[in-house]
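Student: need a 3D model of the following:
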Amino acid sequence: MKAAVLTGIGKFSMIDVPPPKMVHDTDVLVRIKQVGVCGSDVHYYQSGRIGTQIIRFPFIVGHEAAGVVEAVGERVSRVRRGDRIAIDPAFSCGSCDQCLAGRENTCRNLLFLGNPGQLPGCLCEYVVLNERSCYPIPDTMTFDQATLSEPLAVAVYAVKRAQISPDAYVAILGAGPIGLSVLHVLRAKHPGTIYITDKIEARLAYARQLQPHWCGNPDQMNVVEEITRLQPLLLDAAFECSGKPDALAQAISLLKPGGTLVIVGIPEEDDISLPVHELRRKEITILNIRRQAHCTQPALDLLARGEVRVDDMGTHHLPLEETGAAFELVAGYRDGVIKAMIEL
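Tutor: Residues are numbered from 1 along each chain as shown. You can find the predicted model right below:
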């Protein structure tokens with residue numbers, strides 16, 4: 001089968017690789033129709049690593065995906081041949097202490113698509129999944145929507161864990177796919193006051209369509225001063241979705257005493273300094289978000305009911321053969337890209 005394989009830093013090659021084999025009676029063979037380029041994929045593309053997760057080339061990345069069921073194992077009951085599905089890229093063991101505590105996202109034996117040392121990704125024609133990773137979608141749902149349900153599930157999980165009140169004052173720092181997904185979920189669930197920042201005007205333009213209270217570009221103004229002027233008592237929660245150290249510092253400055261810092265973005269750096277005395281004096285709660293748990297179906301339900309409309313986030317569509325161009329587009333934040341979609 002054809003695959004777009006990461007063969008080195010900043011280099012993809014189109015390669016014929018052996019098709020995956022169904023081994024277990026709970027396996028599902030899926031023909032991939034669409035893959036979204038995630039920021040974590042770009043980390044692997046640019047540096048070959050995220051923290052201690054280091055790629056051994058060649059490797060297939062990509063975990064935001066949707067497809068069609070081609071075959072099922074004997075014990076599969078969740079899906080049938082021909083079903084259109086969204087994919088949960090994580091497969092947890094179900095039996096470790098973390099899984100038994102409902103924390104499948106921190107499973108001791110977690111396998112994740114496109115993750116070094118775990119499972120190859122979806123930038124290829126076929127993948128084999130456990131049926132638990134397969135979520136049937138209605139005929140009215142597009143593959144764009146099904147693919148974007150993966151970052152939307154992360155946002156659903158982040159908002160759920162933050163436990164903010166419906167009338168909370170909230171900031172979102174970073175209006176990329178994850179930050180905009182958080183904005184979508186907050187708009188659907190919490191009609192409070194939302195401030196959002198980003199350095200790319202096209203992303204702020206998209207955010208304005210969802211009618212936050214305020215949008216601002218930290219390259220053009222002091223966003224902390226501006227938001228503080230509008231909200232002198234500061235904010236209840238801040239979702240840091242860019243992975244940038246300066247955004248983390250801004251988030252902490254924007255939080256009122258007793259506020260919650262929700263870290264969703266993935267930094268490029270291994271170590272980041274935080275203003276510990278400000279954190280201590282304000283008694284800030286730091287909440288780290290590791291992917292998501294039990295939120296794929298809730299995200300799909302939001303999409304199916306029309307409560308969240310993410311279609312326009314898929315700004316660019318390229319074929320598998322142009323995977324390298326898609327990654328360059330996203331890595332360089334070019335042409336107003338929000339989410340690049342690779343179609344098979």
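Student: ok but residue 218 is inside a helix, no?
Tutor: No - counting by DSSP: H, G, I helix; E, B strand; the rest coil, residue 218 falls outside a helix, being coil.
Student: ok, it to residue 79 distance?
Tutor: With distances defined as CB to CB, to the nearest Å, the gap from residue 218 to residue 79 amounts to 44 Å. From N, CA and C alone the C-beta is placed, and that goes for glycine too.
Student: again with residue 292
Tutor: 20 Å.
Student: okay, the two: which has more neighbours?
Tutor: Counted by other CB atoms under 10 Å, residue 292 and residue 79 do not tie: residue 292 has more neighbours, with 24 against 18.
Student: show me the contacts for that one.
Tutor: Contact analysis of residue 292 by CB atoms under 8 Å, 6 or more residues apart in numbering lists 105, 153, 154, 156, 157, 158.
Student: number of residues surrounding residue 103?
Tutor: Residues within reach of residue 103, counting by other CB under 10 Å, total 16.
Student: I figured it hits residue 294, correct?
Tutor: No - taking CB atoms under 8 Å as the definition, residue 103 is not a contact partner of residue 294, at 9.7 Å.
Student: so what are the domain limits for this structure?
Tutor: By the assignment in automatic domain parsing, the chain contains the domains 2-136+310-343, 152-288.
Student: figure out which of those is closest to residue 298.
Tutor: Set against residue 298 and scored by CB to CB, the domains of the chain come closest in domain 152-288, at 5.3 Å.
Student: which residue ranges of the stretch 1-150 of the chain form helices?
Tutor: Ranges of helices within the stretch 1-150 of the chain are 39-47, 97-100, 143-162, based on DSSP state H, counting those that start in this stretch.
Student: pLDDT weak spots in this structure?
Tutor: Scanning the chain for pLDDT under 70 picks out nothing.
Student: beta partners of residue 64?
Tutor: Judged by DSSP bridges, the bridge partners of residue 64 are residue 36.
Student: which residues touch it?
Tutor: Residues in contact with residue 64 (CB under 8 Å, 6+ apart) are 35, 36, 37, 38, 89, 122, 147, 148, 150, 151.
Student: just the buried ones from the residues you listed?
Tutor: The neighbour-count test (16 or more other CB atoms under 10 Å) marks 35, 36, 37, 38, 89, 122, 147, 148, 150, 151 as buried among these.
Student: could you find the closest non-adjacent residue to the third one?
Tutor: Right, residue 37. In space, and not counting its chain neighbours, residue 37 is closest to residue 340: 4.4 Å by CB to CB, 6 or more residues apart in numbering.
Student: which residue ranges form the strands in the stretch 201-344 of the chain?
Tutor: For the stretch 201-344 of the chain, the strands defined by DSSP state E, counting those that start in this stretch cover 214-216, 235-240, 255-263, 285-288, 314-319, 339-343.
Student: so which of these comes closest to residue 23?
Tutor: Of all the strands of the stretch 201-344 of the chain, it is strand 339-343 that lies closest to residue 23, at 26.8 Å by CB to CB.
Student: adding distance to residue 182, write the contacts of residue 64 out as JSON lines.
Tutor: Formatted as JSON lines, those follow (distance: CB to CB, whole Å):
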{"residue": "35", "distance to residue 182": "22"}
{"residue": "36", "distance to residue 182": "16"}
{"residue": "37", "distance to residue 182": "19"}
{"residue": "38", "distance to residue 182": "15"}
{"residue": "89", "distance to residue 182": "19"}
{"residue": "122", "distance to residue 182": "24"}
{"residue": "147", "distance to residue 182": "18"}
{"residue": "148", "distance to residue 182": "13"}
{"residue": "150", "distance to residue 182": "14"}
{"residue": "151", "distance to residue 182": "9"}
